[in-house]
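Trainee: generate coordinates for the sequence data below:
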Amino acid sequence: MAQVEKKTPVGRITHYFAKIGVAIVELTATLKVGDTILVEGKQTQVRQTVESMEIEHKKIPVAQAGQSVGLQTKERVREGDVVFIVSQ
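Mentor: Modelled structure (predicted):
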């Protein structure tokens, strides 16, 4: 029987820097390096592993609700897109 994938919303994209491929995510829950995320919006469907996060240009392993983090994205994302953690 196939595993059902669980999506938990953890934040929203507030800005995207196209030249460097970095999204700013306003978090509503904890996010860790190594988490698998899904970014969804009207034109967006991006799945990737969080490889690094930064706050004020400093790499961090974990970020909490209420923080804004910079996140490298593999594809273009858009302001207002929702970020989910995906788990089995």
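Trainee: ranges for the strands of the chain?
Mentor: 6-17, 22-27, 31-32, 36-40, 45-49, 53-55, 58-60, 62-63, 68-72, 82-87 (DSSP state E).
Trainee: for the first one, what is the average pLDDT?
Mentor: Strand 6-17 shows a mean pLDDT of 97 in the predicted model.
Trainee: give me the helices and strands touching it, please.
Mentor: Judged by 3 or more CB pairs under 8 Å, 6 or more residues apart in numbering; DSSP states H and E, strand 6-17 is in contact with strand 22-27, strand 36-40, strand 82-87. C-beta: built from backbone N, CA, C; applies to glycine.
Trainee: what sits against residue 59?
Mentor: With contact set as CB atoms under 8 Å, 6 or more residues apart in numbering, residue 59 has these partners: 52, 53.
Trainee: distance of it relative to residue 7?
Mentor: Distance, residue 59 to residue 7, using CB to CB, to the nearest Å: 26 Å.
Trainee: one step back: out of the helices and strands packed on strand 6-17, which gets nearest to residue 65?
Mentor: Distance to residue 65, taken as CB to CB, is lowest for strand 22-27 among these, at 5.4 Å.
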